[in-house]
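In: Next comes the sequence, and after it the predicted model I'd like to discuss.
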Amino acid sequence: MRSVGYSLRTAIADVIDNSISAGASTVAIDFGHDPHPYIAITDDGHGMTPQTAREAMRLAGSSLRTTRAASDLGRFGLGLKTASLSQARSLIVVSKTATTGPVAYNWSLKAIEKTGRWTLLSPPLDALEWLTPYSVLRRQTSGTIVLWEDLDLLQAQWGPSAADLDRAMSEVRDHIGLVFHRFIDQRASSPVRIILNGHPISANDPFLSRHRATQVTGEDTITIRGETVSVQGYTLPALNKLTKRELDALHVAGTPTESQGFYVYRAKRLVVWGTWFRLAPKSNMRRLTRIRVDVPNSLDDLWSLDVKKSQAQPPPEVRNRLRKMVELFTAPSERVHQYRGRRTSNDSVTHIWNLVEHDKIFRYEINRAHPALVALADSLNSEQLRTLNAILTMAETGLPIGDIFNRLSQDKLNSNDEIAIDQLIDLGYSLRQALPTTDSATIETILRTTEPFVNHPSLDQAILEILK
């Protein structure tokens, strides 16, 4: 039972599921080494009576066939026990309700080995006086503590020192911020505060849904057995337009390229992310696409949800619909990555580069009709013009497309688009000087429809400076 496959982060997440299902508004995760290594997860939910707490310690105490509330994050009735014992040899649950005092129950693998029987212990409450969360619980109207001691497997994986536990819990913080981001988000109808050693965990929104450049594709729905599965597409902003903090938030399954695909939520809790379920290959062109799939817990049996609630597979009727949606949802990401120099019938922008295609063969050419090049060409004699064309051809044939592709596929960022406002003004002023007979209105039109000016957010300010 200890080898189901929990990691520390998935084990703690499973316990938090119970806290949220119990109506908690605050969940505190505390860990320390005094008087011995421990992890305690405390909530202010409605708590459990002595009888309910005893039943909660029973293995598989909840039937799969039991109808659950829509907000219930539980599944098999195993999570509390298997998650806890996957990390520790001792599990103590302390709980109280608004009408009953605190009660404690303990599964101790040491006691089970000694007696050879599955004997549930009931430790005296005064034995918990050393635990700060217990003092917190006594002051609350209701709530529950899940205490792990004798952290043998945790220490075997991470190490025995306080620094090792700190490092392990740092990974937990990142995982909790992602998996429960829709509960932590203050925009939620009933936000949940999750605190790690006194520090609130921030929500990690994998869609950057608040970013002004994030594109949202219209919501679609799939109906199964009278229940609704909702699907929402997101196209992330171009990576080179994001801050370091925003970029870090996108590394949820590795690199942004590895993190593309479906994000499946069960009752708003993230269970699977960064996969196309083999409905489409991962590619650089799709790396900005993330699709949110909301599934009610009443369809658990169809999604093959595992005990850890970390793996799921869509049923055939959902897969068929998702397959048809992939192309629709990935189209915006592919448009972002298509080179801006490609000419289309409705493209009014004068680009620096043009894309020339024939069947499956393509090449990039510097746009000889760009106003800056036209102005330069007009000032050259025939010999100088031949030299200019030779240099442009050399630049075109020497474009390191293979190296560019390799770097982009590693999610390295292109900084070529970054140009300061003073550089933009100098460039525009030089262009204006090269066109001495052109009136200001025409110059303004050229600037508003020509790269690189058209790509700059401070275009209006630059134009005013150039036309002075």
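Out: Structure's in. What do you need?
In: C-alpha only now, for contacts and for neighbours.
Out: Will do.
In: Kindly export the lengthiest helix in the chain (C-alpha atoms) in PDB.
Out: For the chain, the longest helix by residue count, based on DSSP state H, is helix 316-337. Taking C-alpha atoms only, helix 316-337 is exported to PDB below (Å, rounded to 0.1, in the frame of the first residue of the first chain):
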ATOM      1  CA  PRO A 316     -13.800   7.500 -26.400                       C
ATOM      2  CA  GLU A 317     -16.800   9.900 -26.800                       C
ATOM      3  CA  VAL A 318     -14.700  12.700 -25.300                       C
ATOM      4  CA  ARG A 319     -11.600  11.800 -27.200                       C
ATOM      5  CA  ASN A 320     -13.500  12.000 -30.500                       C
ATOM      6  CA  ARG A 321     -14.700  15.500 -29.700                       C
ATOM      7  CA  LEU A 322     -11.400  16.700 -28.400                       C
ATOM      8  CA  ARG A 323      -9.700  15.400 -31.600                       C
ATOM      9  CA  LYS A 324     -11.900  17.800 -33.700                       C
ATOM     10  CA  MET A 325     -11.200  20.700 -31.300                       C
ATOM     11  CA  VAL A 326      -7.400  20.400 -31.400                       C
ATOM     12  CA  GLU A 327      -7.100  22.100 -34.800                       C
ATOM     13  CA  LEU A 328      -9.400  24.900 -33.800                       C
ATOM     14  CA  PHE A 329      -7.700  25.600 -30.500                       C
ATOM     15  CA  THR A 330      -4.100  25.400 -31.800                       C
ATOM     16  CA  ALA A 331      -4.700  27.700 -34.800                       C
ATOM     17  CA  PRO A 332      -4.000  30.900 -32.900                       C
ATOM     18  CA  SER A 333      -0.700  29.600 -31.600                       C
ATOM     19  CA  GLU A 334       0.300  28.600 -35.100                       C
ATOM     20  CA  ARG A 335      -0.500  32.100 -36.400                       C
ATOM     21  CA  VAL A 336       1.600  33.600 -33.700                       C
ATOM     22  CA  HIS A 337       4.600  31.500 -34.800                       C
END
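In: partners of the host helix or strand of residue 365 in the sheet?
Out: For residue 365, the element it lies in under DSSP states H and E is strand 361-366. Using DSSP bridges, the strands paired with strand 361-366 are strand 353-358 (antiparallel).
In: Could you tell me which residues make contact with residue 324?
Out: Applying CA atoms under 8 Å, 6 or more residues apart in numbering to residue 324 gives no contacts.
In: Next one: it from residue 257, what distance?
Out: The spacing between residue 324 and residue 257, counted by CA to CA, to the nearest Å, is 21 Å.
In: Make sure residue 257 is indeed in a strand.
Out: No - in this structure, residue 257 is coil, not part of a strand, as judged by DSSP: H, G, I helix; E, B strand; the rest coil.
In: now it: how far from residue 174?
Out: Distance of residue 257 to residue 174, computed by CA to CA: 19 Å.
In: what residue lies at the spatial centre of the chain?
Out: In the chain, the centroid-proximal residue (CA atoms, centre = their mean) is residue 206; its distance is 2.5 Å.
In: if you skip the residues just before and after it, what's nearest to that residue?
Out: Excluding the flanking residues, the one nearest residue 206 by CA to CA, 6 or more residues apart in numbering is residue 250, at 5.7 Å.
In: cool, residue 408 as well?
Out: Counting by CA to CA, 6+ apart, residue 408 lies nearest to residue 284, which is 7.4 Å off, once chain neighbours are set aside.
In: From residue 364, how far off is the one you found?
Out: From residue 284 over to residue 364 the distance is 19 Å, taken as CA to CA.
In: Next, the contact list for the residue nearest to residue 206, please.
Out: Applying CA under 8 Å, 6+ apart, we find residue 250 in contact with 206, 207, 256, 259.
In: Turn the residues you listed into a markdown table, columns for pLDDT and distance to residue 420.
Out: Formatted as a markdown table, the contacts of residue 250 follow (pLDDT from 0 to 100; distance: CA to CA, whole Å):
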| residue | pLDDT | distance to residue 420 |
| --- | --- | --- |
| 206 | 96 | 30 |
| 207 | 96 | 28 |
| 256 | 88 | 27 |
| 259 | 94 | 31 |
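In: Good, we can wrap up now.
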